[in-house]
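Undergrad: here are the coordinates; sequence isn't available:
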Ligand SMILES: [Zn+2]
C-alpha cells in the first residue's frame, strides 16, 4: 500500500519535475518539464535558443511517461535542432522569450485588440484581427520595454544622484543602450526579451554614464555598487545576447 501511495504521490505531485539530459542526434539536450493542470496532452517544444526541449506535462502523467514521449519524438527534435539559430517571427505558434522565459504566441479571436502575457502557462495571447498580430505584439513589447526601462532608469538615477533628459526605445543591432553627452538615454526594446536582471543592469550601466562617460574604474565601481547582478548580466549578454536578435519584426 505504501508503495502504491508513493507512486500516486509522484504522479500527482504539483511540484516541478527534475530535468533530464538526452542524447539526440549526437547532441546532449536538456529536457525541462513543466506541469500544467490545464494541459490535455503532452506538448514538446524547443526552447527559443535551441538548447533545450521543453515538455508540458498534464496532470496524471509521470516524468517517465513524459521522457518516453520525448524519446519517441527524437526525429522531430533532431530536425528542429538543425534549425537552431533560425529566425523567429511574431506569429501564432512561434515561441519568443519574454523576460527570459519562453512564451508561445497564441492568437485569440476577439474584437478587442489586447495582448496578455501568461507566464504561468508560457503563453502570450494576442487578440484582434489575425493580420495585425505581429504589429500589435511588437507595439506591446516596445511599450513594456519602455515602462520597465523607465522604471529602472529612474531608480538608478535617484540612487546615483544623476539626471537624464530624454529616454527613447530603439531597435539597435549593435548596442543594448547608449547615453549621449547631453544626457539622453536610449535602449533596445529587445531588452524586454532578456531576463529582468539583464534589463536592470543595462539601465544601471547607461545611467552610470551620466556621471562617467567612459568605462574607467570609477565607472565600474559605480555600476557594481548599485547593481550587484552586473557580472551575471554581462555574462548572459555575452552568451545569449544574440538570441534575442533572432526575433524578426
Ligand atoms: Zn558603456
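TA: Right, received. Where do you want to start? Source: prediction; values computed, not measured.
Undergrad: Tell me which stretches of this structure form strands.
TA: For the chain, the strands defined by DSSP state E occupy 20-24, 27-35, 43-46, 52-57, 88-89, 95-98, 101-108, 115-118, 123-127, 167-170, 177-179, 185-188, 247-248.
Undergrad: partners of the last one, with directions?
TA: In other words, strand 247-248. strand 88-89 (parallel) (DSSP bridges).
Undergrad: got the contact list for residue 156?
TA: Residues near residue 156 by CB atoms under 8 Å, 6 or more residues apart in numbering: 203, 204, 207, 208, 226, 227. (Each C-beta comes from the backbone N, C-alpha and C, glycine too.)
Undergrad: Serialize these to CSV and add fields for neighbour count, distance to residue 41 and pLDDT.
TA: Output for the contacts of residue 156, formatted as CSV (neighbours: other CB atoms under 10 Å; distance: CB to CB, whole Å; pLDDT from 0 to 100):
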residue, neighbour count, distance to residue 41, pLDDT
203, 27, 41, 98
204, 25, 44, 98
207, 28, 47, 98
208, 27, 49, 98
226, 15, 47, 98
227, 25, 43, 97
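Undergrad: which one of these is nearest residue 38?
TA: Nearest to residue 38 among the contacts of residue 156 is residue 203, at 35.5 Å by CB to CB.
Undergrad: quick one: contacts for the residue nearest to that closest one when sequence neighbours are not counted?
TA: Leaving aside its chain neighbours, residue 203 sits nearest to residue 152 (3.5 Å; criterion: CB to CB, 6 or more residues apart in numbering). The contact partners of residue 152, taken as CB under 8 Å, 6+ apart, are 199, 200, 203, 204.
Undergrad: least trustworthy helix or strand in this protein by mean pLDDT?
TA: helix 2-12 (a mean of 40; mean pLDDT, DSSP states H and E).
Undergrad: picking up where we left off before, and the strands of the chain: which comes nearest residue 212?
TA: strand 177-179 (10.0 Å).
Undergrad: The closest one pairs with which strands?
TA: strand 185-188 (antiparallel).
Undergrad: what's the partner strand in contact with?
TA: 145, 149, 153, 164, 166-172, 175-180, 202-203, 206-207.
Undergrad: rewinding a little: make TSV from the contacts of residue 152 and add distance to residue 76 to it.
TA: Compiled in TSV, these are given as follows (distance: CB to CB, whole Å):
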residue	distance to residue 76
199	33
200	37
203	40
204	42
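Undergrad: Restricted to helices, list those residues.
TA: Using DSSP state H, 199, 200, 203, 204 are the members of these that sit in helices.
Undergrad: dump the residue contacts of the last one.
TA: Read that as residue 204. For residue 204, counting by CB under 8 Å, 6+ apart, the contacting residues are 152, 156, 223, 226, 227, 230.
Undergrad: again, only using 6 Å
TA: 156, 223, 226, 227 (CB atoms under 6 Å, 6 or more residues apart in numbering).
Undergrad: what do you get for residue 96?
TA: Contacts of residue 96 by CB under 6 Å, 6+ apart are 88, 247.
Undergrad: who does it bridge with?
TA: Applying DSSP bridges, one finds that residue 96 bridges with residue 103.
Undergrad: all numbers from here: first residue = 578
TA: Will do, 578 is the new start, and the previous item becomes residue 673.
Undergrad: how does the chain divide into domains?
TA: 579-658, 665-707, 713-825 (automatic domain parsing).
Undergrad: how long is the last one from one end to the other?
TA: Length of domain 713-825, first residue to last, CA to CA, to the nearest Å: 14 Å.
Undergrad: Can you give the distance from that domain to the centre of its chain?
TA: Computed by CA atoms, centre = their mean, to the nearest Å, the chain-centroid distance of domain 713-825 equals 16 Å.
Undergrad: Go through the contacts of residue 733 and name the one nearest residue 620.
TA: Distances from residue 620 to the contacts of residue 733, taken by CB to CB, are shortest for residue 780, at 35.3 Å.
Undergrad: Alright, calling it a day.
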